[in-house]
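Colleague: Sharing a model that was predicted from the sequence below.
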Amino acid sequence: MAVQNFSAVAGQQSVKDLLLGAVKRNHVSHALHFVGPEGSGNLALALAFAAYLFCDQPNEHDACGTCPSCAKMASLQHPDLHFVFPVVKPDTNKSAEVFMPQWREMLLGNPLLTYKDWMQVIADENKTGIISVHLAQEIQQKVSMKSFEGGYRIALIWMPETMRPPAANKLLKVIEEPPAKTLFLLVGNSRDTLLPTILSRLQTVKVPALADAEVETVLRDKMGAAPQKARHIALMSEGNLRDALLHMQEEGGQEDFVALFGDWFRACYKKSDGVNRIALSDRFSDLKREGQKSFLAFTLKMLRQCMLAANGREDLLTVDGNARKLVMNLSKAIPAQAMPQMAKVIDEAVYHIERNANAKITFVDLSVQIKNLFWNS
């Protein structure tokens with residue numbers, strides 16, 4: 001998926017109109033905070049906005065895509081675009097440039113990347129990435145230099161919620177009083193952990209989760225999914241395009257997940273079906289790690305659907321076909337009081353899988369917990 005213009009960003013037309021309108025009125029804030037959930041495209045929107053501001057020949061709705069500035073943005077190598085992102089070992093004096101080849105490769109391949117995606121590339125197990133004082137000082141120095149091309153200088157700070165207070169305080173002054181034609185684009189998932197002094201200097205750009213129809217359009221028109229499959233995956237992804245694309249990549253698609261989920265919960269419901277639960281653990285461990293995480297995420301969504309059905313809210317269900325039939329049957333079999341606890345133990349299993357726990361052992365243990373919740377709740 002390209003990241004260099006608005007037309008490449010799925011949906012979010014109201015946000016695009018807001019940004020374009022600010023440019024037309026010559027009312028672009030010097031510090032914008034693109035806040036949106038994972039899979040919303042907030043990072044891709046920020047990059048498209050940067051491309052539009054850099055473009056030599058922008059039209060009414062988008063960057064031209066052909067000028068020298070757009071060509072540089074297409075490879076994320078525009079000299080006036082500076083990135084800040086969380087890294088490991090923040091106390092060293094390594095420049096962010098050390099990580100730039102990996103950053104560009106990741107972002108060009110997946111503009112919907114998440115913090116976890118990035119950590120899996122640059123960090124060892126259980127390491128945490130942060131934006132350190134050193135990185136804040138580095139970006140401060142970069143934006144103080146003269147623009148290479150005589151236009152905007154843009155500092156894009158990804159996941160600002162990973163900034164520690166000393167780093168935020170280091171950036172506070174330059175965000176408050178930036179050099180001429182200098183913009184700060186902060187892109188993250190939450191406002192909660194940012195310092196109030198930083199927040200007060202930002203204009204928030206709220207990026208909502210995508211509409212189901214927008215996700216469905218991408219899967220059908222750009223990924224070649226059959227209409228029914230595109231609709232099913234879109235409904236289950238709940239506005240998260242990243243999750244939808246991961247589901248598409250999994251061999252067999254969502255129908256395999258529906259079948260595995262159904263076989264698994266039926267085996268857990270039968271107290272004496274331990275042999276089948278072991279066999280199902282083989283099917284689970286045969287999935288790649290991302291597939292295992294996707295399946296468990298799918299399971300959580302199916303449980304939420306069961307909760308709705310159990311409370312008589314079939315009108316709110318977002319699944320159809322075999323998945324809907326399965327939800328209706330399970331909503332009658334799973335004790336209502338057990339559903340939240342099942343969701344909790346599945347979420348814990350996701351945590352362990354993310355940390356490279358043995359998939360088969362994790363799944364067997366999870367199956368025993370689900371079985372016990374069926375009969376001891």
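Modeller: On my side now, so go ahead.
Colleague: Give me the longest helix you can find in this protein.
Modeller: Across the chain, the longest stretch assigned as helix under DSSP state H is helix 289-310.
Colleague: could I have stretch 193-207 exported to PDB, CA atoms only?
Modeller: C-alpha atoms of stretch 193-207 as PDB (Å, rounded to 0.1, in the frame of the first residue of the first chain):
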ATOM      1  CA  THR A 193      -0.200   9.700  28.700                       C
ATOM      2  CA  LEU A 194       1.000  13.000  27.100                       C
ATOM      3  CA  LEU A 195       1.900  15.800  29.500                       C
ATOM      4  CA  PRO A 196      -0.800  18.400  29.800                       C
ATOM      5  CA  THR A 197       1.700  21.100  28.800                       C
ATOM      6  CA  ILE A 198       2.300  19.300  25.500                       C
ATOM      7  CA  LEU A 199      -1.400  18.600  24.900                       C
ATOM      8  CA  SER A 200      -2.300  22.300  25.400                       C
ATOM      9  CA  ARG A 201       0.000  23.200  22.400                       C
ATOM     10  CA  LEU A 202      -1.500  20.600  20.000                       C
ATOM     11  CA  GLN A 203      -4.500  20.700  17.700                       C
ATOM     12  CA  THR A 204      -6.100  17.300  17.800                       C
ATOM     13  CA  VAL A 205      -7.100  15.600  14.600                       C
ATOM     14  CA  LYS A 206      -9.400  12.800  15.600                       C
ATOM     15  CA  VAL A 207      -9.100   9.800  13.300                       C
END
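Colleague: Which residues does it contact?
Modeller: Residues outside stretch 193-207 that contact it (Cβ atoms under 8 Å, 6 or more residues apart in numbering) are 12, 15, 18-19, 29, 31-36, 40-42, 45, 160-161, 163, 165, 168-169, 171-172, 175-176, 186, 191. The C-beta positions use only the backbone N, C-alpha and C, and glycine is treated the same way.
Colleague: if we go to 7 Å?
Modeller: The contact list for stretch 193-207, computed with Cβ atoms under 7 Å, 6 or more residues apart in numbering, reads 12, 15, 18, 29, 31-36, 40-42, 45, 160-161, 165, 168, 172, 175-176, 186, 191.
Colleague: What segments of the stretch 251-377 of the chain are helices?
Modeller: 253-269, 274-286, 289-310, 321-333, 339-354, 359-376 (DSSP state H, counting those that start in this stretch).
Colleague: Let me know which of these is the nearest to G109.
Modeller: G109 sits nearest to helix 289-310 of all these, at 13.9 Å, using Cβ to Cβ.
Colleague: got the buried residues for the closest one?
Modeller: 291-310 (16 or more other Cβ atoms under 10 Å).
Colleague: and the nearest residue to T318 once chain neighbours are set aside, which of the three is it?
Modeller: Nearest residue to T318, sequence neighbours excluded (Cβ to Cβ, 6 or more residues apart in numbering): L235, at 4.2 Å. Assigned by DSSP: H, G, I helix; E, B strand; the rest coil, the conformation of L235 is helix.
Colleague: you'd agree L235 is up against L317?
Modeller: No. With contacts counted by Cβ atoms under 7 Å, L235 stays clear of L317, the gap being 8.9 Å.
Colleague: Which residue ranges of the stretch 51-200 of the chain form helices?
Modeller: 68-74, 100-109, 115-122, 133-144, 165-176, 196-199.
Colleague: circling back to that earlier point, can you check which of the helices of the stretch 251-377 of the chain gets nearest to R231?
Modeller: helix 321-333 (9.6 Å).
Colleague: returning to what we had before: tell me the mean pLDDT for the longest helix of the chain?
Modeller: Mean pLDDT, helix 289-310: 86.
Colleague: Which elements pack onto that helix?
Modeller: helix 241-249, helix 253-269, helix 321-333, helix 339-354 (3 or more Cβ pairs under 7 Å, 6 or more residues apart in numbering; DSSP states H and E).
Colleague: hang on, the earlier thing: which members of the contacts of stretch 193-207 occur in strands, if any?
Modeller: When the contacts of stretch 193-207 are checked against strands (DSSP state E), the matches are A31, L32, H33, F34, V35, L186.
Colleague: okay, who's weakest in those by pLDDT?
Modeller: Scoring those by pLDDT puts A31 last, at 88.
Colleague: That one: what's its closest spatial neighbour, skipping adjacent residues?
Modeller: Nearest to A31 is F184, by Cβ to Cβ, 6+ apart, at 4.3 Å.
Colleague: show me what contacts L366?
Modeller: Per Cβ under 7 Å, 6+ apart, neighbours of L366: V345, I346, A349.
Colleague: Check what pLDDT it gets.
Modeller: 91.
Colleague: I154 versus that one, what's the distance?
Modeller: 45 Å (Cβ to Cβ, to the nearest Å).
Colleague: same question, H30
Modeller: 10 Å.
Colleague: Quickly list what's touching both of the two.
Modeller: L183.
Colleague: Compare those two (neighbour count), which wins?
Modeller: I154 (24 against 17; other Cβ atoms under 10 Å).
Colleague: Verify the stated contact: that one with K181.
Modeller: No. Taking contacts as Cβ under 7 Å, I154 lies outside contact range of K181: 9.5 Å.
Colleague: mind checking pLDDT for P340?
Modeller: Confidence score, pLDDT, at P340: 90.
Colleague: Could I get the contacting residues of the spatially closest residue to W118 that is not a sequence neighbour?
Modeller: Excluding the flanking residues, the one nearest W118 by Cβ to Cβ, 6+ apart is M106, at 6.5 Å. Listed by Cβ under 7 Å, 6+ apart, the contact partners of M106 are L113, D117, W118, V121.
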